[in-house]
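Trainee: Here's my sequence, what's the structure:
(chains A and B)
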Amino acid sequence: MLESLSDNRASIAAVLILLILAAFVVSLVIGKRQSRLRAKDEVFGDPQRTRGGWYWALLGVCTILLTWFYFSWGVGRAYFPQTANEMCQIAKLDETLSPITARLPIESRYYKSTLLVSRNTTQLETLESSLPVEAFTEQEQTELLALIENSRQLIVNSSDPANLNQEAQVQFEKLSGEIETLSADLRKGSEGLEPTAEALAQPKWGVSSTEIPILPTTSRGVLFDQVASKSEAITAAFVKVRNHIPANDALIADTKERLAALKEANESGSFDEKTTEARNAYVKAVDRIFKRLDDGLIFPSKSLDTINAAITDLHDAKNDAKGNLTLIDAVFFPGKGVVKSKTQCTEQGSARWLPKPTDVVATFGKLANPNLEDGGGYRGFPLLWWKWLPVADVTGFLFPDWIADAWPGEYARHGSDGSIDPNFKDKLLAFAEGEVNLGSIPMLDGHIWDSLFRVLVALALGILLGVPLGLFMGVSKFFKSFFDPLIELYRPVPPLAWAPLILTIFGIKDDGKIFLLFMVAFAIMVISARTGASGTQLSKIRAAHSLGSTDRQIMWNVIFPNALPEILTGIRIAIGVCWGTLVAAEMLAGTTGVGFIENIARTVSDYELIWVTILIMGILGLVFDLMMRWVIDKTIPWRGKG
Amino acid sequence: MINTFKKALVAAAITAGAVTSVQAADEVNVAFFLEWATPNMIAKTDGSYADAMGVDVNWVDFTTGTAMTEAMLAGDIDISYSQGLAPFVTAIQQGAPLKMVGIAVVYEANDCFVRNGLGIDSSNASELEGKTVAVPLNTMADFAFRKYMAHYDVDISTMNIVDQAPPDGAKSLADGAVDMACIFGGASAKAAGEVGTPIMSTQAKVDAGIGSFDVVSVTEKFATENPELVKSFLEATDEYNSAFKGTDEQYEIIATAAGMDLETTKSQVDAFILPSNKEQMEQFFGEGGLAAEGAASLGLVFSDESDKEALAKTIDGSFLE
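Mentor: Residues are numbered from 1 along each chain as shown, chains lettered A, B, ... in the order given. Take a look at the predicted model:
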């Protein structure tokens, strides 16, 4: 069931996108109509006006989802599931031809030969003008200048079409002819071409760790693939062609010999250190440029014209054969398009870091699978599940080890026959360490629960300690003045700044992480409770007092209810900030948790996993906030209506 | 008036385009790490690479190998010198069009320090089972940790593995919160060395064949379009490495280029092994060479579905010839 859902994610997305689009239109229409209906009888600024409006919420969600689908190429994959594979085949062709294209003015403005000529001529000029006269004898100087002139002559000879190596000329014409047959192949079209069974058996786009399957799965793809593989031989032959000409051969041999003589003179001669260095460097520089010119890579520009025309024609033929692909690529695959690497094709552009919604759901499904043997969970822990928790673990936690240590007597030793006979002290220790069988209770388990547990415990402690302190600070001079400097001093410090201390003080267990979150929640709760308490109207307190209320009654029945709106808003803020700090807290010493998953995913740029954790945290935060809104509605219905 | 303005604008745009395009064909962008003292920093400083390759060479410094990958995918970087094996393998697993064309440096694998006083060393390493270990997950230190444990036959699944950055791991080791900490980076390793002892000695690591190396990686596009530049880059690097004599003057140039003090630079350079192009061909890029083997076993650390063959296809020693 899950398997087939996962395999057909493209078609599922196609249906989903249509539904979302429909919901988008419907909610927009309803929203417009409702606004028009109420436009006249509403007062601007009336908070009651913000109530309701589910259609705008729906519109917002649809907008997010549609944008997400579009920029992650989800729309493209849903309606054109074969396009990426076809673009991959075109990328293959471009890649195999790229050594030829790189030498032609197709993606650049000049022939590579032109660039080589201009670059080397400039460098020869610089070399000539920088000859260190003091390091060489006059005779050597003339020799060096002659050698530079030799190099220049190499360029001149290579650039002259009259000198062009016959073999190279023949080869170029032959290759042009072969390229033309490729163009003809492309123009013939893809009729009668069938993808192989092996290609069709590949996992679909995005289903496995290979993003886009590399073998062609459509007849158009097969066409491009075939042309690409045929062009391999052409490219290989083209790269081997060299412009070796007889006029240069003599020059090269001569230059080599004279350079060798100069090197010899450098080594055998006795010069001071500085001169040797200058001589070596200069001869080497001359040699280096010479070596760049002796391999026959410069061709007369005319000789390449036939190849250039053939490749340009091939590009035209390719664009014709692409047909509607060009348009689909431009509209539905925003970004750099499909790029071929050695073993697969990948999405480049926004789709690289923004996984498709369906893929994120699939990854979430895989993580949420509680069956660890079946590849579920993450790093040996389920996402959210339950387990049997031995009761002894709980008692072991409550009953400290030192009680067993303090018990009179010695722990048992192993006897002469190798047996160990535990005494009462041993049994007490086993109990304290939770190594006895007291039955089990069901308990939640997994990464989400661990994160949730940390946040909830920290929040509960923050509320339990922060609210009373805040209330007292609002009413008592001692509490206000005594605690104010303390809290105001630590509150502005970002939680991460405490991290190194917490690691040392609390170690690597949960208590450190909880303490970090607690510090965040505590400050917020104190501030909000204090603001609420000190904001109570004096007339209300005096009225209660004059009616004979005790201090306790004033606190419980007047000040606390008055501070409640502030306190509840504080809790809402604290929940948000706690989730925000969680990733940092779980970075301290991560073993489990949603923040831990994100930290690990980041190191391998696993964008799907990163988005899953972002969504989990977002959704959990949203659920908490909705719960808090409900609580606020129930407990302080009078708020904003005073 | 507006027409003239438009024309001028178009002309300006065309000129700008022409200039950048010619430049683009005439320069190479190389990524490198600061605080990673390789001898070719001397050649980088005096501009020898530009002479050797015949094009302008721009050096851009990075702090992580993952950032190098991102820059290469964006087309801003052509060659990454000394990218870590870990980010390279990760990039390949994500389908990035990169290839490994050479080995930059070989260095000792990161250490795992066992807390002194536990009485555990290489002779009774199996006692580590059931203990707590701090490991910066998915790094070369993680890779080294798995290699050590496999070497001593210790069952990792029994251990409580905690993900900690090296400075935190060193601190937890000192606090006694963990029993072993795997560390990379000079300062953290020094701190961990105060309270712990490496589980495997340098010699034992060499004997067991456990080591780390950084690679030279290029984009597929650059390699197919400018093979001669890749070749001349590797050739030049080989030349500068062999020309390195270790004089004080040279160390000073490297220290300035790497942005470190002389002392650290010296010890770092001396700990590096720089295989020549010939040695690379023989040891790393041949049939069943160290490059493919290292990448394959590292790949398994990051993902259970790691494909050895796919990784091997992105390793290409042909530019070293």
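
Trainee: Tell me who's in contact with the closest residue to chain B within the stretch 51-200 of chain A.
Mentor: When distances are taken as Cβ to the nearest Cβ, the stretch 51-200 of chain A reaches nearest to chain B at A:Ala102, 3.8 Å away. The C-beta positions use only the backbone N, C-alpha and C, and glycine is treated the same way. Going by Cβ atoms under 8 Å, 6 or more residues apart in numbering or on different chains, A:Ala102 touches A:108, A:112, B:224-226.

Trainee: where along the chain do the strands fall?
Mentor: Went with chain A since none was named. Secondary structure of chain A by DSSP state E: the strands cover A:337-340, A:345-348, A:385-390, A:440-445.

Trainee: was after chain B, sorry
Mentor: Going by DSSP E, chain B shows strands at B:27-33, B:56-62, B:79-84, B:98-108, B:111-115, B:132-135, B:160-163, B:180-183, B:196-198, B:211-219.

Trainee: Kindly reformat those strands as JSON lines containing mean neighbour count and distance to A:Leu59.
Mentor: Formatted as JSON lines, the strands of chain B follow (neighbours: other Cβ atoms under 10 Å in any protein chain shown; distance: least, Cβ to Cβ, whole Å):
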{"stretch": "strand B:27-33", "mean neighbour count": "20", "distance to A:Leu59": "45"}
{"stretch": "strand B:56-62", "mean neighbour count": "16", "distance to A:Leu59": "43"}
{"stretch": "strand B:79-84", "mean neighbour count": "27", "distance to A:Leu59": "46"}
{"stretch": "strand B:98-108", "mean neighbour count": "23", "distance to A:Leu59": "43"}
{"stretch": "strand B:111-115", "mean neighbour count": "25", "distance to A:Leu59": "55"}
{"stretch": "strand B:132-135", "mean neighbour count": "25", "distance to A:Leu59": "47"}
{"stretch": "strand B:160-163", "mean neighbour count": "20", "distance to A:Leu59": "41"}
{"stretch": "strand B:180-183", "mean neighbour count": "30", "distance to A:Leu59": "51"}
{"stretch": "strand B:196-198", "mean neighbour count": "21", "distance to A:Leu59": "59"}
{"stretch": "strand B:211-219", "mean neighbour count": "24", "distance to A:Leu59": "43"}
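
Trainee: Which among the ones you listed is found nearest to chain A?
Mentor: That would be, of these and by Cβ to the nearest Cβ, strand B:160-163, which comes in at 3.8 Å.

Trainee: Format the strands of chain B as a markdown table; extra columns: distance to B:Thr256 and mean pLDDT.
Mentor: Output for the strands of chain B, formatted as a markdown table (distance: least, Cβ to Cβ, whole Å; pLDDT from 0 to 100):
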| stretch | distance to B:Thr256 | mean pLDDT |
| --- | --- | --- |
| strand B:27-33 | 14 | 91 |
| strand B:56-62 | 13 | 90 |
| strand B:79-84 | 18 | 91 |
| strand B:98-108 | 19 | 91 |
| strand B:111-115 | 29 | 92 |
| strand B:132-135 | 35 | 92 |
| strand B:160-163 | 36 | 90 |
| strand B:180-183 | 28 | 92 |
| strand B:196-198 | 32 | 90 |
| strand B:211-219 | 21 | 90 |
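
Trainee: want to try TSV for those strands, with distance to A:Phe80 as columns?
Mentor: Converted to TSV, the strands of chain B look like this (distance: least, Cβ to Cβ, whole Å):
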stretch	distance to A:Phe80
strand B:27-33	35
strand B:56-62	37
strand B:79-84	34
strand B:98-108	28
strand B:111-115	50
strand B:132-135	44
strand B:160-163	41
strand B:180-183	47
strand B:196-198	56
strand B:211-219	27
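
Trainee: where does the stretch 101-250 of chain B dip in pLDDT?
Mentor: Low-confidence segments of the stretch 101-250 of chain B (pLDDT under 70): none present.

Trainee: Quick check: residues of it near chain A?
Mentor: Where the stretch 101-250 of chain B comes near chain A, counting by Cβ under 8 Å from any Cβ of the partner chain, the residues are B:132, B:134, B:137-139, B:157, B:160-165, B:168, B:171-172, B:175, B:177-178, B:220-221, B:224-228.

Trainee: hmm, try it at 6 Å
Mentor: Counting by Cβ under 6 Å from any Cβ of the partner chain, the stretch 101-250 of chain B comes close to chain A at B:137-138, B:162-164, B:168, B:171-172, B:175, B:177, B:224-225.

Trainee: quick revisit: of all the strands of chain B, which lies closest to A:Leu354?
Mentor: strand B:98-108 (21.2 Å; Cβ to Cβ).

Trainee: elements contacting that closest one?
Mentor: strand B:211-219 (3 or more Cβ pairs under 6 Å, 6 or more residues apart in numbering or on different chains; DSSP states H and E).

Trainee: Quick one: distance of the strand it packs on to the chain centre.
Mentor: Centroid displacement of strand B:211-219 relative to its chain, using Cα atoms, centre = their mean, to the nearest Å, is 5 Å.

Trainee: What pairs with that strand, parallel or antiparallel?
Mentor: Within its sheet, strand B:211-219 is paired with strand B:79-84 (antiparallel), strand B:98-108 (antiparallel), according to DSSP bridges.

Trainee: For these, give me CSV that also has distance to A:Leu547.
Mentor: Output for the strands paired with strand B:211-219, formatted as CSV (distance: least, Cβ to Cβ, whole Å):
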stretch, distance to A:Leu547
strand B:79-84, 75
strand B:98-108, 80
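
Trainee: For the stretch 151-300 of chain A, what lies in contact range of chain B?
Mentor: A:209, A:211, A:292.

Trainee: same thing but at 7 Å, please
Mentor: Counting by Cβ under 7 Å from any Cβ of the partner chain, the stretch 151-300 of chain A comes close to chain B at A:209, A:211, A:285, A:288, A:292.

Trainee: Number of residues surrounding B:Ser122?
Mentor: Using other Cβ atoms under 10 Å in any protein chain shown as the criterion, B:Ser122 is surrounded by 15 other residues.

Trainee: My error: substitute A:Ser301 in the last question.
Mentor: 16.

Trainee: Nearest residue to it in space, ignoring adjacent ones along the chain?
Mentor: Leaving aside its sequence neighbours, A:Ser301 sits nearest to A:Tyr111 (Cβ to Cβ, 6 or more residues apart in numbering or on different chains; 5.7 Å).

Trainee: my read: that neighbour touches A:Lys302, true?
Mentor: No: using Cβ atoms under 7 Å, A:Tyr111 makes no contact with A:Lys302, being 10.5 Å away.

Trainee: just to revisit the earlier point, tally of neighbours for the residue nearest to A:Ser301?
Mentor: Neighbour tally, A:Tyr111, other Cβ under 10 Å: 20.

Trainee: so what's it up against?
Mentor: A:103-105, A:301, A:304 (Cβ atoms under 7 Å, 6 or more residues apart in numbering or on different chains).

Trainee: again, only this time at 10 Å
Mentor: The neighbourhood of A:Tyr111, defined by Cβ atoms under 10 Å, 6 or more residues apart in numbering or on different chains, consists of A:103-105, A:117, A:298-301, A:304-305, A:308.
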